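In: Please find the sequence and the predicted model below.
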Amino acid sequence: PYLCGYGQVPGRSDGPDSCNGIDFRNYRLDRIEAIAPLPWQATTVPDELYQQFWHNTLPTPEDIGQRIADAWGFDYYQPAEVLVLRFDPEWDRRYIRNSLRHETFASISYAQVERLMDDQLTTGELTVPQHQALRTLLQSRPSTDAYYQARYRRHDPNVRQRLRAWRPHGEVLLPWALRQRMAEEVRQEAQFYHEDEDEDDY
C-alpha cells in the first residue's frame, strides 16, 4: 500500500532542507516511521500549499485517478511519454493481444511506428542520428511483428518491471532514453550468465 501525498517535494541536490516546489509523491506505508498532524496555520506549511487550501483548490482523489488514466504508471506526477513496443507474433498471440494493460495501450501498424519516429524528430525528442538509427533498426524488424503504443510515466518502476518481464520477446523502440536503459540492463544481465568459451557445455 502507498500513501499518495501532495505537498512540498524534498530536493535532491541542494541539501536536506531544499525543496522542488509543490507536487504529488507516493510513499510506501512500511517506510513511514511517524506522522504528525499540523494545523494549516503552522509556519512549516508552505505558503503555496496554504493558498491552495484557503482557495479550496487542493487536488482530489479524482484528480489522481485522471492522471493515472492519462498515462500508464502509478508515478502519476512524472511527465508522460510515448512508448512504442515490438513483440514477436507468438508472444503477442499468447500474452499481449486482447489483454488489458492501460487505456492508452493499443496495437499500431508498422507504418504508424515510422510516423511516430518522424514525429519525435520533428518535436526534438529524437536527434537526427538517433532518428536515423531507429529507422534503420525498424527496417531490419519484420513488418509482421506486433507493434504497440502507449503513454507511460517516465521512470515509473512498475512499467519498467513489466517491460523486463517481457524480455526477450518484447523490444522497446521509443522513447530513446528508455531503450538505452533497457539495452544497458541486458548487457549487465548477460554478464551474470556468461561462461568462458573453453568451458564444457552442460
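Out: Received the coordinates, thanks.
In: burial of the closest residue in space to residue 23 that isn't next to it in sequence, as a residue count?
Out: Counting by Cβ to Cβ, 6 or more residues apart in numbering, residue 9 is the residue found nearest to residue 23 once chain neighbours are left out, at 4.9 Å. Yep, even glycine has a C-beta here, placed from its N, CA and C like the rest. When neighbours are counted by other Cβ atoms under 10 Å, residue 9 registers 16.
In: Mind checking what secondary structure residue 9 has?
Out: Here residue 9 is recorded as strand under DSSP: H, G, I helix; E, B strand; the rest coil.
In: Distance-wise, check it relative to residue 67.
Out: To residue 67, residue 9 is 16 Å away according to Cβ to Cβ, to the nearest Å.
In: ditto for residue 124
Out: Taken as Cβ to Cβ, the span from residue 124 to residue 67 is 25 Å.
In: Which of those two has more residues huddled nearby?
Out: Neighbour count, other Cβ under 10 Å: between residue 124 and residue 67, residue 67 has more, with 19 against 7.
In: which residues touch that one?
Out: Contacts for residue 67 (Cβ atoms under 8 Å, 6 or more residues apart in numbering) come out as 24, 76-77.
In: What strand or helix carries the residue nearest to residue 48 when sequence neighbours are not counted?
Out: Leaving aside its sequence neighbours, residue 48 sits nearest to residue 22 (Cβ to Cβ, 6+ apart; 5.1 Å). Assigned by DSSP states H and E, residue 22 belongs to strand 19-28.
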